[in-house]
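*Asks:* Give me coordinates for this.
(one chain, ligands or ions: 1)
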Amino acid sequence: MGDNLLIANLFSIKDKTALITGGATGIGKMIAKAFVKNGVKVYIASRNKKKLEETADELTKMGPGVCYVIEANLTSKEACEKLTAEFEKLGNEKLDILVNNAGMVGCSVPLTDFSEKVWDDMYNLHVKSVFYLTMACLPLLERASNKLIDPSRVIITGSILGIGNGDPKFSQSREVCALLYSSSKHAVHSVAKNLAVHITPKGVNVNILAPGVVPVKDIFYQHMDAIVSDIPQGRAGKEEDIAGAAIYLSSRASSW
Ligand SMILES: NC(=O)c1ccc[n+]([C@@H]2O[C@H](COP(=O)([O-])OP(=O)(O)OC[C@H]3O[C@@H](n4cnc5c(N)ncnc54)[C@H](OP(=O)(O)O)[C@@H]3O)[C@@H](O)[C@H]2O)c1
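*Replies:* So this is what the prediction gives:
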């Protein structure tokens, strides 16, 4: 019984199955890598098939878990249902961990330049698809759930900008406005809290991560001084920071 408290058991995610959107790059790849290194069967899904396959090969070589790919452009209810159907067609009757992570990063523009298309694309991806993919996967998540001991998990990548308001120094230094990105992340933080109310009783826990800045593109490195001056710890996020949170939120340790 005391063995349940060992980190190796309490934080184990071995032999679980996960679906990670936007898992070929950036934060999604950090989560996929942490999962594969800890024995999870991972599916990564996004638009760029070549990038997906490169990442899947790289991670599978690391093992002991494996990484597979599914191509998906997650901007509609239909696309979310198609992704779920393809995941099932690959022989999966259940899903332990859904990570809604895909996002549009670095797309901010000056306040006067917001196009309607970017509004629609960003809200479709950051808000609508998170809801519809979770709903499409719900039967698979319920099937995997050990409700009272180790529920299934939905993890959403929100943002620190989904909690606070105003432009971070990263946006100010690029003379762009984070209003659209920030408001869509506020919306998905609300989606997460509302989903949690409705699906936790079904044995599916919902959590949302709110990362600060995690450098995933050259543009981050070009503005590192501004970024760091906004962060109390004095440094940007690293893969260990993301991995630690994702493993905790996927393991028995965070069941309750
Ligand atoms: N980096 C940060 O500092 C930071 C901080 C807080 C929160 N976040 C959030 O973290 C998440 C991941 O972003 P990231 O920073 O890791 O940037 P990233 O490397 O650009 O990742 C974004 C991922 O989303 C996928 N994607 C974009 N549009 C898609 C679509 N229509 N359908 C399916 N997949 C799509 C991309 O793959 P394809 O191009 O192959 O589709 C890509 O793998 C986002 O939700 C972002 O808002 C990032």
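
*Asks:* Every contact and neighbour count from this point should use C-alpha atoms.
*Replies:* OK.

*Asks:* Confirm that residue 236 sits in a strand.
*Replies:* No - Residue 236 is assigned coil when assessed by DSSP: H, G, I helix; E, B strand; the rest coil, not a strand.

*Asks:* Can you give me every residue that contacts it?
*Replies:* 212-215, 227-228 (CA atoms under 8 Å, 6 or more residues apart in numbering).

*Asks:* Any residues of the stretch 51-200 of the chain in contact with the ligand? List them.
*Replies:* Proximity of the stretch 51-200 of the chain to the ligand, by CA under 6 Å from any ligand atom, involves residues 72-75, 101-105, 125, 157-159.

*Asks:* Any of those buried? List them.
*Replies:* Taking 16 or more other CA atoms under 10 Å as the criterion, what is buried in these is 72-75, 101-103, 125, 157-159.

*Asks:* Output the contacts of residue 236 as TSV; include the columns distance to residue 96, neighbour count and secondary structure.
*Replies:* Converted to TSV, the contacts of residue 236 look like this (distance: CA to CA, whole Å; neighbours: other CA atoms under 10 Å; DSSP: H, G, I helix; E, B strand; the rest coil):
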residue	distance to residue 96	neighbour count	secondary structure
212	26	16	coil
213	28	21	coil
214	26	17	coil
215	28	18	coil
227	35	23	helix
228	35	16	helix
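
*Asks:* Nearest to residue 32 among the residues of the stretch 51-200 of the chain next to the ligand?
*Replies:* residue 101 (10.9 Å; CA to CA).

*Asks:* Assess the claim that that closest one and residue 23 are in contact.
*Replies:* Yes - Residue 101 is in contact with residue 23 according to CA atoms under 8 Å; the separation is 7.5 Å.

*Asks:* pretty sure residue 196 belongs to a helix, no?
*Replies:* Yes - assigned with three-state DSSP, residue 196 falls within a helix.

*Asks:* show me the contacts for it.
*Replies:* Taking CA under 8 Å, 6+ apart as the criterion, residue 196 is in contact with 204-207.

*Asks:* Phi and psi next, for the most centrally placed residue in the chain.
*Replies:* What sits nearest the mean C-alpha location of the chain, by CA atoms, centre = their mean, is residue 101, with 2.7 Å. For residue 101, the backbone dihedrals are phi -120, psi -20 (criterion: degrees, to the nearest 10).

*Asks:* ok so, going back, residue 84: which of the residues of the stretch 51-200 of the chain next to the ligand is nearest?
*Replies:* Checking those against residue 84 by CA to CA gives residue 72 as the nearest, at 10.0 Å.

*Asks:* following the one helix or strand residue 205 maps to, which helix or strand comes up?
*Replies:* Residue 205 belongs to strand 204-209 when assigned by DSSP states H and E. Remark: after strand 204-209, the chain's next helix or strand is helix 218-222, criterion DSSP H and E.

*Asks:* Is that next one positioned near the ligand?
*Replies:* No - on the criterion CA under 6 Å from any ligand atom, helix 218-222 is out of touch with the ligand, staying 8.0 Å away.

*Asks:* Give me the buried positions along that helix.
*Replies:* residue 220.

*Asks:* now that helix: how far from the chain's centre is it?
*Replies:* The chain centre lies 21 Å from the centre of helix 218-222; the measure is CA atoms, centre = their mean, to the nearest Å.

*Asks:* Likewise for stretch 48-55?
*Replies:* Its chain's C-alpha centre and that of stretch 48-55 lie 17 Å apart, by CA atoms, centre = their mean.

*Asks:* Now that stretch: average pLDDT?
*Replies:* For stretch 48-55, mean pLDDT is 98.
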